[in-house]
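Engineer: Just need the structure, nothing else, for what follows:
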Amino acid sequence: MEKVRLKELTVSEFKALVSTTVKESVEDIIEDFIALNSRNYLRSIKEARKDYREGKVKEFGELFDV
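Structural biologist: Just a heads-up that it's a prediction; the model follows:
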């Protein structure tokens, strides 16, 4: 693993960076937990997987004309 040094980062900037990163990670976990406890969300995942298996999908380029 490459060592990266942050020479110009103050302690308070480092604390803010770590705090923001942890907060975002916790928010993501909570969002995932709520989503996975939603019957509608789980049903939509099953439906999407079924559609995928049946070939009822479109390429990204078809949807966004790229």
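Engineer: where does the protein have low pLDDT?
Structural biologist: 1 (pLDDT under 70).
Engineer: Which single helix of it contains the most residues?
Structural biologist: helix 11-36 (DSSP state H).
Engineer: Next, the buried residues of it.
Structural biologist: Within helix 11-36, no residue counts as buried by 16 or more other C-beta atoms under 10 Å. C-betas here are computed from N, CA, C, even on glycine.
Engineer: Following element in sequence after it, please.
Structural biologist: helix 39-53 (DSSP states H and E).
Engineer: Go ahead and flag the most central residue of this protein.
Structural biologist: Centroid-nearest residue in the chain, with C-alpha atoms, centre = their mean: D28, separated by 7.0 Å.
Engineer: ok so, going back, tell me the angle of the longest helix of the chain relative to helix 39-53?
Structural biologist: Interaxial angle, helix 11-36 versus helix 39-53 (axes from the mean of the first three to the mean of the last three C-alpha atoms, to 10 degrees): 80 degrees.
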